[in-house]
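A.B. asks: What follows is a predicted structure for the sequence shown.
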Amino acid sequence: MRKIVKILSIDGGGIRGIIPAIVLTEIERITNKPIAKLFDLIAGTSTGGMLGLALTKPDQDGKPYYSAQELISLYEVEGTTIFSNSVWYRIPAIGNLTEEKYKVQGLEHVLNEYLGETMLSEAMTNLLVSSYEIERRIPFFFKSVRAKEFVDYDFPMKIVARATSAAPTYFKPLKLHTQGLQEYYALVDGSVFANNPAMCAFVEAKSMFPDAEDFLMVSLGTGDVNFVQTYQDDKGWGLIQWAEPLLDIIVHGSDLSVNYQMSQLLTNTDGFKRYYRFQPKLSERHAEIDNTSKTNIRMLKLAAEAMIRERQKDLNALCKALTEQS
């Protein structure tokens, strides 16, 4: 049987990470195998990085500590803790405009609760988690394969998750102190350059597995929100008006670009589908990455479940391919 390297890529998206968590739950249900045993490399950005880390955390017996199903509660139960702030921070004129929207204590509490003292080197499969170094203006990747080789590069999973989820304007950057030549790294959310890390994952897999005969990529989005921008409305905008929508446009455009690149690089061959992208449509009212209301989470779950029903044939074919190559 030819060697097919299986890659899982999970987008960033805050509370909308419940969508890929639900898709992964369905994959585990169909295959009856944990995600960590199905993929040779898992890549994630922000909430996707958090999922990747949690899904590859081992228990004392060397089995996955969490199932994908259990991680749905990360969003249902812990969302309000992650995105929690004081009354002082809820005053826009004082909080959001001059400092980060949220304090980090809630996020760090949840990461400690879920990931504890587990090290990156302990990941049950290869991990690639994206972040961005703001002082040197360079992408920064946490790689489990490197953590196993260099002790100075081996960080606690909770610290890796903190770095990849330090979304600008939402949480303050992480100052990551090291024992190596570099005294520290100043890190923010990897979504500033790779909200969809599929291309990063593919390049990493090509490097890690030079003798691979083929690749199977599964890319999970956190919802495609089509914000309406019209020429008539936008033609007179200046810096203030463009500030918020511009970020959405850049991230959305980047996601679509990566999807296009991967669909062209991994075309179907001899009836074998090499690239799967699961990305439900969302309305603007469910776009916020920090909307932890019960109503919003319910709608996100419904969107994920509807997509699963619509793509059940694809999911069954994917799971068959994953188990045949496991």
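C.D. replies: Alright, I've got the coordinates. Numbers count the residues shown, from 1 in each chain.

A.B. asks: residue ranges for the strands of the protein, please.
C.D. replies: Assigned by DSSP state E, the strands in the chain fall at 4-10, 41-45, 126-133, 138-143, 174-177, 184-189, 214-220, 224-225, 275-278, 281-282.

A.B. asks: Tell me which of those is the most buried.
C.D. replies: strand 41-45 (a mean of 31; mean count of other Cβ atoms under 10 Å). (C-beta placed from N, C-alpha, C; glycine too.)

A.B. asks: Run the chain-centre distance for that one.
C.D. replies: 7 Å (Cα atoms, centre = their mean, to the nearest Å).

A.B. asks: Just the mean pLDDT for it, thanks.
C.D. replies: Mean per-residue pLDDT for strand 41-45: 98.

A.B. asks: What strands flank that strand, and is each parallel or antiparallel?
C.D. replies: strand 4-10 (parallel), strand 126-133 (parallel) (DSSP bridges).

A.B. asks: do you know which of the ones you listed lies nearest Ala212?
C.D. replies: strand 4-10 (4.4 Å; Cβ to Cβ).

A.B. asks: Name the residues that touch that closest one?
C.D. replies: Contacts to strand 4-10, defined as Cβ atoms under 8 Å, 6 or more residues apart in numbering, come from residues 17, 20, 35, 38-45, 47-49, 51-52, 196-198, 201-202, 205, 208-209, 212-220, 321-322, 325.

A.B. asks: What average pLDDT does it get?
C.D. replies: 97.

A.B. asks: Quick one: neighbours of His286, just the number.
C.D. replies: 18 (other Cβ atoms under 10 Å).

A.B. asks: close enough to count as contact, it and Arg298?
C.D. replies: No - between His286 and Arg298 there is no contact under Cβ atoms under 8 Å: 10.1 Å.

A.B. asks: and the closest residue to Cys319 other than its chain neighbours, how far is that from Val23?
C.D. replies: Computed as Cβ to Cβ, 6 or more residues apart in numbering, the closest residue to Cys319 that is not its neighbour in sequence is Ile30, at 4.2 Å. For Ile30, the distance to Val23 equals 11 Å [Cβ to Cβ, to the nearest Å].

A.B. asks: who's more crowded, the two?
C.D. replies: A count of neighbours by other Cβ under 10 Å puts Val23 above the other of Ile30 and Val23, at 24 against 16.

A.B. asks: on that earlier part again, make JSON lines from the strands paired with strand 41-45 and add distance to Phe155 to it.
C.D. replies: Converted to JSON lines, these look like this (distance: least, Cβ to Cβ, whole Å):
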{"stretch": "strand 4-10", "distance to Phe155": "19"}
{"stretch": "strand 126-133", "distance to Phe155": "10"}
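
A.B. asks: Just the terminal-to-terminal distance for stretch 171-184.
C.D. replies: Distance across stretch 171-184, first residue to last, is 18 Å (Cα to Cα, to the nearest Å).

A.B. asks: Revised request: answer the last question for stretch 257-274.
C.D. replies: Per Cα to Cα, stretch 257-274 runs 18 Å from first to last residue.

A.B. asks: can you give me the mean pLDDT across it?
C.D. replies: 91.

A.B. asks: Now do the buried residues in that stretch.
C.D. replies: 258-259, 262, 266, 274 (16 or more other Cβ atoms under 10 Å).
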